[in-house]
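A.B. asks: Please work out how this folds:
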Amino acid sequence: MKLTRNLILASGSKSRLNLLAQINVKPHKICPADIDETRLKGEKPLDMVKRLAKAKALKIAELYPNDIVMSADTISVVGNRVLDKTYSADIEREYLALIGGRRHKLYSSVCFAIGEKSIFKQKTEMSVLKFKRFSKEEIEEIIACEQWKGCSGGYAIEGLMGKYLTFVSGSVSNIMGLPLHIVHNHLTCLKNL
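C.D. replies: Now for the predicted structure:
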């Protein structure tokens, strides 16, 4: 997609970069936003994902006011519990026990900002998914592959976890970290600004 302004991706996610390539979008620059991602007291998961995506976009838009800044945030939610990114095998085991055999939600919020024009657009997508109930052997296989490290909810469906996925409602690219239909629609609207 040809844009009249540079696209700045406010994310260091390789998955998001790969997803953008699928729709022929290549960011001019990758500039992850370093923000505090701690959940606020009493904050609902949907409000949290929106707040984080917005904070990332606005922070980077200050640095690149003439460009289109795109940010995103993704969270997995079981009940009202947000399953953060994890690097701990013990926490990953806990997450797998929580998500195995039950449906849970995954939210991704995508933001676009052009600082000099005070343009800000945000859209949030929800997907529902379910993995099979995991045996102890399957849990250890998942832990050993380490594909879960740094992923929202402790999984990446494009890897080993894909074989355990039994139900999806909503956008698959959303589960991978970026709802491509939303990105395409917003970039189409912004491409000539």
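A.B. asks: now the end-to-end length of stretch 25-41.
C.D. replies: Start and end residues of stretch 25-41 are separated by 37 Å (Cα to Cα, to the nearest Å).
A.B. asks: which other residues reach that stretch?
C.D. replies: When contacts are defined by Cβ atoms under 8 Å, 6 or more residues apart in numbering, stretch 25-41 is touched by residues 1, 6-12, 17, 20, 48, 51-52, 55-57, 59-60, 63-64, 67, 70-71, 73, 82, 84, 183, 187. Every residue, glycine included, has its C-beta placed from N, CA and C.
A.B. asks: Quick one, which of the residues you listed are buried?
C.D. replies: Under a neighbour-count criterion of 16 or more other Cβ atoms under 10 Å, the subset of these counted as buried comprises 7-11, 17, 20, 48, 51-52, 55-57, 59-60, 64, 67, 70-71, 73, 82, 183, 187.
A.B. asks: Which of the contacts of stretch 25-41 fall within helices?
C.D. replies: Under the assignment DSSP state H, the contacts of stretch 25-41 contribute 17, 20, 48, 51-52, 55-57, 59-60, 63, 183, 187 to helices.
A.B. asks: which two from the residues you listed end up farthest apart in space?
C.D. replies: Longest distance between any two of the ones in helices among the contacts of stretch 25-41 is 25.0 Å, between 48 and 187; criterion Cβ to Cβ.
A.B. asks: Run through the helices of this protein in chain order.
C.D. replies: Going by DSSP H, the chain shows helices at 14-22, 45-63, 89-99, 136-145, 172-175, 180-190.
A.B. asks: Against which helices or strands is the fourth one packed?
C.D. replies: For helix 136-145, the contact count by 3 or more Cβ pairs under 8 Å, 6 or more residues apart in numbering; DSSP states H and E identifies helix 89-99 as packing neighbours.
A.B. asks: How far off centre is the helix it packs on?
C.D. replies: The gap between the average C-alpha position of helix 89-99 and the chain average comes to 19 Å, counting by Cα atoms, centre = their mean, to the nearest Å.
A.B. asks: in that helix, what's buried?
C.D. replies: So for helix 89-99, counting by 16+ other Cβ under 10 Å, buried means 89, 92, 93, 95, 96, 98, 99.
A.B. asks: Columns pLDDT and distance to residue 122 on top of these, output as CSV?
C.D. replies: CSV is the format used below for the buried residues of helix 89-99 (pLDDT from 0 to 100; distance: Cβ to Cβ, whole Å):
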residue, pLDDT, distance to residue 122
89, 97, 35
92, 97, 30
93, 97, 35
95, 97, 27
96, 97, 31
98, 96, 28
99, 97, 27
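A.B. asks: Kindly list the main-chain dihedrals of the closest residue to residue 1 other than its chain neighbours?
C.D. replies: Sequence neighbours aside, residue 25 is the residue nearest to residue 1 in space, at 5.3 Å (criterion: Cβ to Cβ, 6 or more residues apart in numbering). Residue 25 adopts backbone torsions of phi -120, psi 120, taken as degrees, to the nearest 10.
A.B. asks: Thanks a lot, catch you later.
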